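J.: here is the input, now give the coordinates:
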Amino acid sequence: MTELRLVAGVDCSTQATKVLVCDAETGAVVREGRAPHPDATQVDPAEWWKAWEIASDGLLDGVQAIAVGGQQHGMVLLDESGEVVHPAVLWNDTSSADATTELIAELGGADAWAEAIGSVPVPSFTVTKLRWLRDEAAGADGGETAAMRREAARRAAAVVLPHDWVTHQLAAGRRGIDGITTDRGDASGTGWWSAATNSYRTDLVELAFGRQLALPRVAGPGEVVGETAFGAVIGAGTGDNAAAALGLDLQPGDVAVSLGTSGTAFARSANPTADPTGLVAGFADATGEYLPLVCTLNAARVMSATATMLGLDLAEFDEAAITSPGSDGLVLLPFLDGERTPDLPHSTGLVYGLTRATMQPATMARAAVEGLLCGLADAVDALRAQGLPVRRVLLLGGGARSRSVQALAPALLGAEVVLPEPAEYVALGAARQAAWALTGELPTWQIPVGKPEPAITLDAAKIRANYEQVLTNTRPLLSQPYNR
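T.: Numbering: from 1, shown residues only. Down below sits the predicted model:
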């Protein structure tokens, strides 16, 4: 019997580090581990390394290659010696909302940004976090936090992403900031790399920060970028969405819609996109092509938060939503943590259409699921507007396990919906990339796909029209900071 060639994929996500050890030929998962991260929007990267050590403990025997998929956009600032000088500012930290507005105006508006990098920055993007730190350091006038930010801005010599930092830590014999690498998929979410030209726009780093910083070398797809202390080759790694696309083996006409902490809709494209409306980010993928993507801040937690408000557990909430005869005009705008798409970082959730008839748990549960899906339907429509075909939707993430989501999604998303077998697709995609680095060829791994809950017949056009009407009419209110 031929001995398995083993590869490992790492998902350094917002919530946890997950490690999968897979058969390089088939992708079959042999071992897996997990360890949590702190629940915060600014995190010491040392916490990721601690989680890696726990999650990988006892898993790596025989592993010949490894790659890392990481949460996109997070800002990790390093000094000349490679020491972290400020807590990593994660994608879901919206402190840079005002900095985003400034940067867009300073380059000449949304069209100028779309032309420069294929995307219009939102507060998630790393470039906005650099400007935020610069402004905080310049304007700080006292206190320990202010002094820390001034010192961080002074010492910063390089800016990297979470997956870059973890990959660098894995590489044996590395010192300082020399040799740090990234890849096209993750670099395209910084705000200073163009997917269309495959090159950095260092002038945008200077625009944001006031001076240049060292940037990681952009490794090619399938490239070996180092070797671990335990003798495994290291693949380039990538951002979480590009890794998930690899794990799912997305084909033309497929759109992945993920309901995790955030909601995402993304698809493979042979051509770069540049959407001046800012809805679609013109990202690259991990294969040499492109990954146009729409991201929302609010996804599965809309359901868990509504369930808590109604005094229901998630199973009871799901049953209430799927058995409700409808939302009866009740609309929930699910911007509970602010929102990235649409660009409403200061917004809060909003409920419209309350009557004695609609103030029922089942109606509210249905409205929550409909509101969540209407936001994602707008995301899918934005991809269509970029010329991408949408033949089927691959529904994934924790929220995809909801029966009510599965039943309502086909009508509201306007496409066939299938369910990839539950898996850690970011880690699986990173493992597939590791196999590519090991063998020189991207392997074909079969992804089982199941059928969702039977679709519910509903008036999708009316539900979406009500949602859009409420959003349009309340947008001026939602654009203003809420006085908590």
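J.: starting at the chain centroid, how far to stretch 56-68?
T.: In terms of C-alpha atoms, centre = their mean, to the nearest Å, the centre of stretch 56-68 is found 24 Å from the chain centre.
J.: measure that stretch end to end?
T.: Using C-alpha to C-alpha, to the nearest Å, the span of stretch 56-68 from its first residue to its last is 13 Å.
J.: list the buried residues in it.
T.: By neighbour count on 16 or more other C-beta atoms under 10 Å, the buried set for stretch 56-68 is Ser56, Leu59, Leu60, Gly62, Val63, Gln64, Ala65, Ile66, Ala67, Val68. Every C-beta, even on glycine, is put in place using the N, C-alpha and C of the backbone.
J.: what sits up against that stretch?
T.: With C-beta atoms under 8 Å, 6 or more residues apart in numbering as the test, stretch 56-68 has contacts from 4-10, 12, 19, 21, 24, 31-33, 163, 166-167, 170, 228, 230-238, 430-431, 433-435, 437-438.
J.: which of these are buried?
T.: 4-10, 12, 19, 21, 24, 31-33, 163, 166-167, 170, 228, 232-238, 430-431, 433-435, 437-438.
J.: give me the subset of those residues lying in strands.
T.: Among the buried ones among the contacts of stretch 56-68, DSSP state E puts 6-10, 12, 19, 21, 31-33, 233-235, 238 in strands.
J.: low-confidence bits of the chain, can you list those?
T.: 1-2, 140-142 (pLDDT under 70).
J.: the longest helix along it: how far from the chain's middle?
T.: Ordering each helix of the chain by length in residues (DSSP state H) puts helix 361-385 first. The chain centre lies 18 Å from the centre of helix 361-385; the measure is C-alpha atoms, centre = their mean.
J.: for that helix, buried residues please.
T.: Under the neighbour-count criterion of 16+ other C-beta under 10 Å, helix 361-385 has 361-383 buried.
J.: likewise stretch 198-210?
T.: Quick answer for stretch 198-210 (16+ other C-beta under 10 Å): Tyr200, Arg201, Leu204, Val205, Leu207, Ala208, Phe209.
J.: closest one to Thr323 out of the ones in strands among the buried ones among the contacts of stretch 56-68, please.
T.: Taking C-beta to C-beta as the measure, Thr323 lies nearest Glu32 of those, at 35.3 Å.
J.: okay, and the beta partners of the closest residue to that closest one other than its chain neighbours?
T.: Spatial nearest neighbour of Glu32, excluding adjacent residues (C-beta to C-beta, 6 or more residues apart in numbering): Leu20 at 5.1 Å. Using DSSP bridges, the beta-bridge partners of Leu20 come out as Gly9, Glu32.
J.: show me what contacts Leu20?
T.: By C-beta under 8 Å, 6+ apart, the neighbours of Leu20 are Ala8, Gly9, Val29, Arg31, Glu32, Glu424, Ala427, Leu428, Ala430, Ala431.
J.: among those residues, which two are most distant?
T.: Longest span within those, C-beta to C-beta: Arg31 and Ala430, 14.7 Å.
J.: assumed Ala245 was part of a helix.
T.: Yes. Applying DSSP: H, G, I helix; E, B strand; the rest coil, one finds Ala245 inside a helix.
J.: correct me, but it touches Glu289?
T.: No. Judged on C-beta atoms under 8 Å, Ala245 makes no contact with Glu289 at a distance of 9.5 Å.
J.: overlap in contacts of the two?
T.: Here Ala245 and Glu289 share the contacting residues Arg268, scored by C-beta under 8 Å, 6+ apart.
J.: quick one: residues in contact with stretch 469-476.
T.: Contacts made with stretch 469-476 from outside it, assessed by C-beta under 8 Å, 6+ apart, are listed as Val331, Leu333, Pro342, Leu344, Leu350, Tyr352.
J.: give me the buried positions along that stretch.
T.: Within stretch 469-476, the residues that qualify as buried are Val470, Leu471, Thr474, counting by 16+ other C-beta under 10 Å.
J.: kindly report the same for stretch 91-103.
T.: Trp91, Asn92, Asp93, Thr94, Ser95, Ser96, Ala97, Asp98, Ala99, Thr100, Glu102, Leu103.
J.: what's the end-to-end length of it?
T.: 17 Å.
J.: any idea how far it is from the chain center?
T.: That offset, for stretch 91-103, works out to 16 Å (C-alpha atoms, centre = their mean).
J.: count of residues packed around the nearest residue to Ala157 once chain neighbours are set aside?
T.: Of all residues not flanking Ala157 in the chain, Glu80 sits nearest, at 4.6 Å (C-beta to C-beta, 6+ apart). Residues near Glu80, counting by other C-beta atoms under 10 Å, number 13.
J.: can you check Gly139 too?
T.: Gly139 is flanked by 10 other residues according to other C-beta under 10 Å.
J.: repeat that for the one 10 residues further on.
T.: The tally of other residues near Arg149 (other C-beta under 10 Å) stands at 22.
J.: what does the host helix or strand of it rub up against?
T.: Using DSSP states H and E, Arg149 sits in helix 144-155. Contact partners of helix 144-155, identified using C-beta under 8 Å, 6+ apart, comprise Leu77, Asp79, Val85, His86, Leu133, Arg134, Glu136, Ala137, Ala140, Phe209.
J.: what comes up buried for that helix?
T.: Within helix 144-155, the residues that qualify as buried are Met148, Arg149, Arg150, Ala152, Ala153, counting by 16+ other C-beta under 10 Å.
J.: likewise stretch 448-458?
T.: Residues of stretch 448-458 classed as buried by neighbour count (16+ other C-beta under 10 Å): Pro452, Glu453, Ile456, Leu458.
J.: send the alpha carbons of that stretch over as PDB?
T.: Output in PDB follows, covering the C-alpha atoms of stretch 448-458 (Å, rounded to 0.1, in the frame of the first residue of the first chain):
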ATOM      1  CA  PRO A 448     -19.400  16.500  -2.200                       C
ATOM      2  CA  VAL A 449     -22.500  18.700  -2.700                       C
ATOM      3  CA  GLY A 450     -25.900  18.000  -1.000                       C
ATOM      4  CA  LYS A 451     -29.400  19.300  -1.500                       C
ATOM      5  CA  PRO A 452     -30.800  22.000   0.700                       C
ATOM      6  CA  GLU A 453     -34.100  22.200   2.500                       C
ATOM      7  CA  PRO A 454     -37.000  22.300  -0.100                       C
ATOM      8  CA  ALA A 455     -37.500  25.800  -1.300                       C
ATOM      9  CA  ILE A 456     -40.500  27.900   0.000                       C
ATOM     10  CA  THR A 457     -42.600  29.700  -2.600                       C
ATOM     11  CA  LEU A 458     -42.700  33.400  -1.800                       C
END
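J.: and it, how far out from the chain's middle?
T.: 25 Å.
J.: same check, this time on stretch 203-221
T.: Taking C-alpha atoms, centre = their mean, one finds stretch 203-221 lying 21 Å from the centre of the chain it belongs to.
J.: next, Phe317: secondary structure please.
T.: Secondary structure, three-state DSSP: Phe317 is helix.
J.: next one: it relative to Ser479, how far apart?
T.: 30 Å (C-beta to C-beta, to the nearest Å).
J.: among the buried residues of stretch 91-103, which are located in helices?
T.: Among these, the members found in helices (DSSP H) are Ala97, Asp98, Ala99, Thr100, Glu102, Leu103.
J.: the first one is in contact with Leu344, isn't it?
T.: No. Here Ala97 does not reach Leu344: they are 9.5 Å apart, not a contact under C-beta under 8 Å.
J.: joint contacts of these two?
T.: Counting by C-beta under 8 Å, 6+ apart, the contacts common to Ala97 and Leu344 are Gly338.
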